[in-house]
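Peer 1: dropping a prediction and its sequence here:
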Amino acid sequence: SILYNEGTRNWARAEQCQEVCRCTWGTGRCRLIARKWDYIYAAVQHKEGRLKTRKSILIVDDEPNIRRILQVAFEKSNMTAYVAEDARQALPIICQESVDCVLTDVTMPGASGYELLSEIRSSHPEIPVIIMTAFGTIPQAIQAIRDGAYEFVTKPFDLDALKRIVESALMEDSPVKPSK
């Protein structure tokens, strides 16, 4: 993890925070904004739980062009974007990094997006999962929502609408939308 000093526009390693507050913080994903020239202030703010972190998203799709487009779009929206080719690559990222949201395709080699959803629901129920597919049907969408998906999006999708869905998922306290 990295601390950012606004005053000097310098970056410092997360270990500086750990040295001050002796916490286990530092998953390698955050860029934490510190006050003017004061890394100790950032560490104290972190320890007291008042320091805001940059949100992160994991994009899981077997199509490299889709992964890249989404990665660039979410990074431009000031998010940390992780990418994975399939569920097998996604699960270690979810365990190692502090992922705030998962955007996954349904049809991928190996495990499907539904299987990934099931695994995330059992191991990390707080993470909202958005399912996207090119071959979606209404029964599939209903089943995905029942299984705990935050939203079901069909390809081709409107990038701005997808960003709004992700922002909505990140703003809610509960990862699963209440049933209507």
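Peer 2: Good, I have the coordinates. Numbers count the residues shown, from 1 in each chain.

Peer 1: Val102: which element?
Peer 2: In the assignment (DSSP states H and E), Val102 maps to strand 101-105.

Peer 1: could you give the average pLDDT over that strand?
Peer 2: Mean per-residue pLDDT for strand 101-105: 95.

Peer 1: lowest confidence element among the helices and strands of this protein?
Peer 2: strand 31-34 (a mean of 36; mean pLDDT, DSSP states H and E).

Peer 1: are we agreed that Gly148 is in a strand?
Peer 2: No - going by DSSP: H, G, I helix; E, B strand; the rest coil, the assignment for Gly148 is coil, not a strand.

Peer 1: any idea how far it lies from Lys76?
Peer 2: As judged by C-beta to C-beta, to the nearest Å, Gly148 and Lys76 stand 29 Å apart. Heads up, the C-betas are built off the backbone N, CA and C, glycines and all.

Peer 1: the two: which is more packed in?
Peer 2: Gly148 (17 against 10; other C-beta atoms under 10 Å).

Peer 1: how about the closest residue in space to the more buried one that isn't next to it in sequence, phi and psi?
Peer 2: Spatial nearest neighbour of Gly148, chain neighbours left out: Arg121 (4.5 Å); criterion: C-beta to C-beta, 6 or more residues apart in numbering. Main-chain dihedrals, Arg121, degrees, to the nearest 10: phi -60, psi -40.

Peer 1: show me what contacts Arg121?
Peer 2: 129, 147-148 (C-beta atoms under 8 Å, 6 or more residues apart in numbering).

Peer 1: what does Phe74 give?
Peer 2: Counting by C-beta under 8 Å, 6+ apart, Phe74 has contacts 57, 59, 81, 163, 166.

Peer 1: equivalent analysis for Lys163, please.
Peer 2: 73-74, 77.

Peer 1: so which of those comes closest to Lys155?
Peer 2: For the contacts of Lys163, the closest approach to Lys155 (C-beta to C-beta) belongs to Ala73, at 14.3 Å.
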